[in-house]
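[1] I'd like to go over a predicted model; first the sequence, then the structure.
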Amino acid sequence: MASEPINIFTEDSGGTGRPVILIHGWPLSGEAWKPQVPALTAAGYRVITYDRRGFGRSDKPQSGYDYDTFASDLAGLIDDRGLSDVTLVGFSMGGGEVARYVANYGESKLRSVVFAAAVPPYLLKSPDNPEGPLTKEKAAEMESGLRVDRATFFDGFTKDFFSANGELKVSESQRQEAIALCQQSDQTAALGAMKAFGTTDFRNDLKKITKPTLVIHGDSDGIVPLEGSGARTHAAIPGSKLVVVPGAPHGFNVSHADRFNAELVDFLKQ
């Protein structure tokens, strides 16, 4: 399961507060959490963000773009810092790290988990997963678009990412910031991670989660639809709390940052 040691770029606010690890979505970096870090730090938490391997400022090896390896990288981060009583917050594909970390490493170092607009339980539509919101045709179309022309693909992707019902919910400068983060991704990493989040089945992983769980999702998410993902994750984890944010797109940690931050801090207090 372990892979060759690589450098994972990490930012750690330090301090004595409870640790909260923010795990970013595809194909961004830890910088995508910019609207959350000050709010969580001000609330007294030790906030840690990192760039997934192959993205942002982390090393970009040519392999290891699967969830067992992603979870191993996360476990290494937790172990290297000697963390305990951790809350993991996984946004979009980052929710996969949360689920796979629990499945592979247990919950002994965790206090709670958060799935934000997250991909579990299983995106790909198939005979045994008819509720999966991602068709094989759409997955192939995304892969082809990224292979043929990254700039055009990321332009369209970020519009969908931040739009609800056809309307962009962030400023154009915020969208351009996201495009810049997308462009930092390695192409091999971007393609490998796209395959991973589209085809990995987390249904058995979710069964192993017993810690307090928040599922937060926008009801206008056009990338990872609520009905096929967040609602099913909530149903799969007994006692989990579901918060649905009206009119919110996929990238609602930016578009609806105040609501997102308030719900997150409220959950962390419990």
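    Received, thanks. Numbers count the residues shown, from 1 in each chain.

[2] shaky segments in this structure?
    Per-residue confidence of the chain (counting by pLDDT under 70) places the weak regions at 1-4.

[3] Now do the helices in it.
    Per DSSP state H, the chain carries helices over the ranges 37-42, 67-80, 94-105, 136-148, 150-161, 172-183, 187-199, 203-206, 230-236, 252-255, 257-269.

[4] Compare these and give me the one nearest Thr87.
    Between Thr87 and the helices of the chain, the tightest spacing by Cβ to Cβ is seen for helix 257-269, at 6.2 Å. (C-beta placed from N, C-alpha, C; glycine too.)

[5] Can you mark which positions in the closest one are buried?
    Neighbour-count burial for helix 257-269, with 16 or more other Cβ atoms under 10 Å as criterion, is recorded at Arg259, Phe260, Asn261, Glu263, Leu264, Val265, Phe267, Leu268.

[6] In CSV: these, plus distance to Leu77.
    Listed next are the buried residues of helix 257-269 as CSV, based on distance: Cβ to Cβ, whole Å:
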residue, distance to Leu77
Arg259, 28
Phe260, 23
Asn261, 23
Glu263, 25
Leu264, 20
Val265, 23
Phe267, 22
Leu268, 19
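
[7] any idea which of those residues is closest to Leu134?
    In terms of Cβ to Cβ, no member of the buried residues of helix 257-269 lies closer to Leu134 than Phe260, at 23.7 Å.

[8] What residues does the closest residue to the closest one other than its chain neighbours make contact with?
    Residue nearest to Phe260 in three dimensions, not counting chain neighbours: Asn253, with 4.8 Å by Cβ to Cβ, 6 or more residues apart in numbering. In this structure, Asn253 makes contact with Ala32, Trp33, Pro35, Gln36, Phe91, Ala116, Ala117, Phe260, judged by Cβ atoms under 8 Å, 6 or more residues apart in numbering.

[9] among the residues you listed, who's most crowded?
    In terms of neighbours by other Cβ atoms under 10 Å, these top out with Ala117 at 31 neighbours.

[10] dump the residue contacts of that one.
    Counting by Cβ under 8 Å, 6+ apart, Ala117 makes contact with 25, 91-92, 95, 216-218, 221, 223-224, 229-230, 250-253.

[11] at 7 Å instead, please
    By Cβ atoms under 7 Å, 6 or more residues apart in numbering, the residues touching Ala117 are Phe91, Ser92, His217, Gly218, Asp221, Val224, His250, Phe252.

[12] now Gly218
    Counting by Cβ under 7 Å, 6+ apart, Gly218 touches Ala117, Ala164, Val245, Ala248, Pro249, His250, Phe252.

[13] again, only this time at 8 Å
    For Gly218, counting by Cβ under 8 Å, 6+ apart, the contacting residues are Ala117, Ala164, Leu226, Val244, Val245, Pro246, Gly247, Ala248, Pro249, His250, Phe252, His256.

[14] Got a quick PyMOL command for the buried subset of those residues?
    Applying 16+ other Cβ under 10 Å to the contacts of Gly218, the buried members can be selected in PyMOL as follows:
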select buried, resi 117+164+226+245+248+249+250+252+256
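
[15] Make TSV out of the contacts of Gly218 and add distance to Arg53.
    As requested, these are arranged in TSV below (distance: Cβ to Cβ, whole Å):
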residue	distance to Arg53
Ala117	21
Ala164	31
Leu226	29
Val244	32
Val245	30
Pro246	35
Gly247	34
Ala248	29
Pro249	27
His250	22
Phe252	25
His256	29
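
[16] In terms of distance to Val148, which of the contacts of Gly218 ranks first?
    Val148 has its nearest neighbour among those in His250, at 22.7 Å by Cβ to Cβ.
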